[in-house]
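Student: Here's my sequence, what's the structure:
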Amino acid sequence: MPSPPNPSISSPLISNTVYYILKQLFSNTRHIRLLKKLLIVSPSSALPSSPSKPNMPPIWFTTHGIGAIKDTDNSFSITSDGGSAKISPTSDTSDSDLKGWVHYTIPNPNPDNSSLKAIQVDFSSQSASVDGVKLHFANSLKFSVSDLQQTSSFNLDIASSSAVYSNKGIAVSLYLSFDDKHSWLKLQSVGVQG
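Tutor: Sure thing, here's the model as predicted:
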């Protein structure tokens with residue numbers, strides 16, 4: 001008579017699922033032992049009595065840096081530079097206009113990721129900083145922070161109840177500050193975590 005098969009299986013999820021369903025049908029211990037032998041499943045690998053939804057990894061919804069839209073109140077120059085948006089004051093920018101907003105539209109999350117958890121800004125700079133960030137759903141402000149003085153890439157956490165997505169367009173606005181007319185920022189990407 002051949003020896004019993006090895007209890008390890010190549011596809012435990014399928015066998016465990018079958019075992020779980022059949023276990024619910026049979027209450028007799030003798031039947032369950034037989035079922036285990038037939039399915040080649042060890043009791044420790046069986047599914048729990050109430051399967052839970054697996055934890056999903058964080059999902060980021062991002063846009064490329066070259067998608068920058070300058071605000072009408074500034075005269076910044078935005079050009080594509082090696083996979084980034086290079087943003088700088090123009091030569092005719094007055095010293096009092098070295099600060100201003102740029103805006104990014106963000107792809108909408110799917111319904112399973114309705115609560116936005118963080119904002120990510122990926123950039124480098126020379127004598128410039130990101131001093132403020134705002135998150136809007138259409139024209140409704142959902143998150144705002146100022147006095148950041150960030151000179152390189154950063155993430156910001158969002159309070160769990162403040163940015164629950166409601167099927168409106170998403171925009172992230174960045175308040176930029178330049179030290180002088182020769183300063184610049186290179187933005188690679190802007191995104192939100194769902």
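
Student: can you map out the helices along this protein?
Tutor: 12-25, 29-39 (DSSP state H).

Student: Mean pLDDT lowest where, among those?
Tutor: Mean pLDDT is lowest for helix 12-25 out of the helices of the chain, coming in at a mean of 53.

Student: which other residues reach stretch 67-75?
Tutor: With contact meaning Cβ atoms under 8 Å, 6 or more residues apart in numbering, stretch 67-75 is reached by 76, 78, 85, 87, 89-90, 92-93, 97, 99-105, 187, 190. From N, CA and C alone the C-beta is placed, and that goes for glycine too.

Student: for it, which positions count as buried?
Tutor: If you call a residue buried by 16 or more other Cβ atoms under 10 Å, then stretch 67-75 has these buried ones: Gly67, Ala68, Lys70, Asn74.

Student: for the residues you listed, which one is nearest Gly194?
Tutor: Gly67 (18.5 Å; Cβ to Cβ).

Student: Filter the buried residues of stretch 67-75 down to just the ones in strands.
Tutor: With strands defined by DSSP state E, the entries of the buried residues of stretch 67-75 inside them are Lys70.

Student: and the buried residues of stretch 67-75 as a markdown table, adding distance to Val172 and pLDDT?
Tutor: Shown next, in a markdown table, are the buried residues of stretch 67-75 (distance: Cβ to Cβ, whole Å; pLDDT from 0 to 100):
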| residue | distance to Val172 | pLDDT |
| --- | --- | --- |
| Gly67 | 10 | 93 |
| Ala68 | 11 | 94 |
| Lys70 | 14 | 92 |
| Asn74 | 17 | 87 |
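
Student: what domains does the record give for this protein?
Tutor: Domain ranges of the chain: 1-51, 60-193, per automatic domain parsing.

Student: any idea which of the ones you listed is most buried?
Tutor: Burial of those is given as mean neighbour count (mean count of other Cβ atoms under 10 Å); domain 60-193 ranks first at a mean of 16.

Student: Straight-line length of it, end to end?
Tutor: With Cα to Cα, to the nearest Å as the measure, the ends of domain 60-193 fall 4 Å from one another.

Student: now stretch 176-194
Tutor: The separation between the terminal residues of stretch 176-194, taken as Cα to Cα, is 25 Å.

Student: and Ser84, how far is that from Gly65?
Tutor: Using Cβ to Cβ, to the nearest Å, one gets 5 Å for the distance from Ser84 to Gly65.

Student: now Leu185
Tutor: Remark: distance between Leu185 and Gly65 (Cβ to Cβ) = 9 Å.

Student: between these two, what contacts are shared?
Tutor: Listed contacts common to Leu185 and Gly65 are Phe123; contacts here mean Cβ under 8 Å, 6+ apart.
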